[in-house]
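>>> Structure for the following, please:
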Amino acid sequence: MGKENPTNRPDQRRNYIILTVAIFVGFLFFGFTDNARGPAIPRIQADFDITELQVGILLALNSIGYLIGCSYTTALAKKIGIKTCLIVALAMMPVSGVLICTVPNYTALLLAFFILNLGFGMIEISQGVIAATTFTKRTGTMMSLAHFFYGAGAAFSPVISTGLMVARFGGQLLGWRYMYLIILSCAIIPAIPLLIGKLKKQDYNKKKTGYAVILKKPSLWLTIMILALAAITEMGSAAWLVNFLEKAYSYQTDQAALRLTLFFVCFTLTRLCVGPLIDKIGFINSLAISTAFAGAMIVAGVLIGEAGTPLLVIAGIGIAPIFPTVMATIAKLFSDEIDLAMTAIMTAMGIILVPANLLIGGIVNQARVIFTSSHGEAGVGMAYGAGYIFLGLCCFGSCVFALILKRRQKKTGFLV
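Got it, this is the predicted structure:
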């Protein structure tokens, strides 16, 4: 888009507003659908009588689908355009809803969620590239606002999805199956402004380097580790908090879902307010501070016990800025190859998330065996606590890599 502000001329301003609406509504939808799994997983686990390890396998396969979706989106965009990629991904949502609604067993469920996460991967890359090439000014603020809408969708998701699961239509309980069908069918909403807005081809298809060059950059790999470890915590919190509270402290589903909603309220309000501060103190400094805070809240929250539950909610304040700040960092560090860098980073993150999800399920499963043998039924809660502490340790790891990136960028004289 060059140095010209996209709002200088009326036609450009109108298109900028349309694209901004498309981005914001798209993130809202993504946040809502991506986090419906938190309340759904305990119900899925009960319906199919699966273990925590099998839940971990389900989440790991989700990550594999997400990974594959991320990996081919840039190549597909060369042929059909990044906007068309996003429209195709949105079209996959109601199809996935039908598949999830009709699965007869656990194996079919794995396949349905795999297809859903192929679409999620495409949405992630497509929306990220469109946002990075649209928000060339006040990048930290605009990226935080975009991801605020993801947080807004995530905040409402646990309560609304739980409400849908217990609602009845024609005397029939909707359950988690029809809940997914309903919310995924809402994909038409973000598609409408996207169809109206226009993207210049060179905004997402021009290349000055290739993967062979960009993969040799240490800053890329440091960014990958920052995002991947933080993503384990963010996605793990969304997936495991309800289950943790139910199993460890005997919370009812609506009580646990309310805590997850409060987590995302903290998450969402932080993204709404923190953008200008991120632009002021710097992207990498922000990453180091927020990851350290989130890690401390999670570890302390678990170790304190049930009284520490508010700290698990407050952890959303630290987790919230990480993803949009990494996206802003990518836009600045790799301005000439945004789509290549984003695809490489998101794909690598997906690769790391696969064993991480298995590891969390494995930790809980193995700890359950160990702790129940010595502490009886109380050992179940301790096992889930062990899995949750792992999420906090991942945040501390993300902080370490942020400090390494800061040191490296200071040496190069380009600290963002």
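>>> rest of the way, CA atoms for contacts and neighbours
Noted.
>>> Now stretch 157-171: buried residues?
Neighbour-count burial for stretch 157-171, with 16 or more other Cα atoms under 10 Å as criterion, is recorded at 157, 158, 159, 160, 161, 162, 164, 165.
>>> just stretch 298-307 next, same as before
Quick answer for stretch 298-307 (16+ other Cα under 10 Å): 298, 299, 300, 301, 302.
>>> likewise stretch 60-80?
For stretch 60-80, by 16+ other Cα under 10 Å, it's 60-74, 77.
>>> just stretch 97-117 next, same as before
For stretch 97-117, using 16+ other Cα under 10 Å, the buried residues are 97-101, 106, 109-117.
>>> need the strands for the stretch 51-200 of the chain, in chain order.
Under the criterion DSSP state E, counting those that start in this stretch, strands of the stretch 51-200 of the chain are mapped to 168-169, 172-173.
>>> Go through those and name the closest to residue 220.
strand 172-173 (47.9 Å; Cα to Cα).
>>> Which strands or helices does that closest one pack on?
With contacts taken as 3 or more Cα pairs under 8 Å, 6 or more residues apart in numbering; DSSP states H and E, strand 172-173 sits against no other helix or strand.
>>> from the buried residues of stretch 157-171, which is closest to residue 196?
residue 157 (27.3 Å).
>>> Looking at the strands of the stretch 51-200 of the chain, which is nearest to residue 188?
strand 168-169 (22.6 Å).
>>> now the closest one, how far from the chain's geometric center?
Relative to its chain's centre, strand 168-169 lies at 31 Å (Cα atoms, centre = their mean, to the nearest Å).
>>> what does that strand rub up against?
residue 174 (Cα atoms under 8 Å, 6 or more residues apart in numbering).
>>> quick one: average pLDDT of that strand?
The average pLDDT within strand 168-169 is 84.
>>> Given it, what are its sheet partners and their directions?
Next to strand 168-169 in the sheet, as set by DSSP bridges, lie strand 172-173 (antiparallel).
>>> which one is residue 43 nearest to, not counting chain neighbours?
Nearest non-adjacent residue to residue 43, counting by Cα to Cα, 6 or more residues apart in numbering: residue 176, 7.2 Å away.
>>> For residue 79, see how far away the one you found is.
For residue 176, the distance to residue 79 equals 37 Å [Cα to Cα, to the nearest Å].
>>> Likewise for residue 12?
Residue 12 is 25 Å from residue 79, by Cα to Cα.
>>> Residue 351 too?
For residue 351 relative to residue 79 (Cα to Cα), the value is 25 Å.
>>> The stretch 251-400 of the chain: helices as residue ranges?
Taking DSSP state H, counting those that start in this stretch as the test, the helices found in the stretch 251-400 of the chain are 253-281, 283-304, 309-319, 322-333, 338-375, 378-412.
>>> So which of those is nearest residue 221?
helix 338-375 (7.8 Å).
>>> Output the contacting helices and strands for that closest one.
helix 52-80, helix 106-134, helix 211-214, helix 218-249, helix 322-333, helix 378-412.
>>> What's the per-residue pLDDT of residue 197 here?
pLDDT at residue 197 comes out at 80.
>>> swap in residue 50?
pLDDT, residue 50: 86.
>>> Assign it to helix, strand or coil.
The three-state label given to residue 50 by DSSP: H, G, I helix; E, B strand; the rest coil is coil.
>>> backbone phi and psi for it, please?
With angles defined as degrees, to the nearest 10, residue 50 sits at phi -110, psi 160.
>>> Report how many residues lie close to it.
13 (other Cα atoms under 10 Å).
>>> Report the residue spans of the protein with pLDDT below the cut-off.
1-8, 200-210, 414-416 (pLDDT under 70).
>>> Quick check: the residue of it most remote from its centre vs residue 382, distance?
In the chain, the residue that sits farthest from the middle, by Cα atoms, centre = their mean, is residue 374; the gap is 36.4 Å. Counting by Cα to Cα, the separation of residue 374 from residue 382 is 11 Å.
>>> One more: residue 239?
18 Å.
>>> do residue 142 as well
Distance from residue 142 to residue 382, by Cα to Cα: 41 Å.
>>> Tell me how many other residues crowd the nearest residue to residue 34 once chain neighbours are set aside.
Nearest non-adjacent residue to residue 34, counting by Cα to Cα, 6+ apart: residue 154, 7.5 Å away. Residue 154: 29 surrounding residues under other Cα under 10 Å.
>>> check contacts around residue 154.
Counted by Cα under 8 Å, 6+ apart, residue 154 has contacts 28, 31, 32, 33, 34, 35, 36, 261, 264.
>>> again, only this time at 10 Å
By Cα atoms under 10 Å, 6 or more residues apart in numbering, the contact list for residue 154 reads 27-36, 148, 238, 260-261, 263-265, 267-268.
>>> cool, and residue 199?
1, 15, 16, 19, 81, 82, 83, 130, 133, 134.
>>> what about 8 Å?
So residue 199 contacts residue 83 (Cα under 8 Å, 6+ apart).
>>> repeat for residue 304
Counted by Cα under 8 Å, 6+ apart, residue 304 has zero contacts.
>>> Could you report the separation of it from residue 175?
Following Cα to Cα, the distance that separates residue 304 from residue 175 is 34 Å.
>>> on that earlier part again, and the residue nearest to residue 43, how many neighbours?
For residue 176, using other Cα under 10 Å, the count is 23.
>>> can you tell me how far it sits from residue 158?
For residue 176, the distance to residue 158 - Cα to Cα - is 12 Å.
>>> cool, and residue 222?
Distance from residue 222 to residue 158, by Cα to Cα: 33 Å.
>>> what does residue 241 give?
11 Å.
>>> Pull up the overlap in contacts between the two.
With Cα under 8 Å, 6+ apart, residue 241 and residue 158 have common neighbours 38, 260.
>>> Residue 319 against residue 288, yeah?
No - here residue 319 does not reach residue 288: they are 11.1 Å apart, not a contact under Cα atoms under 8 Å.
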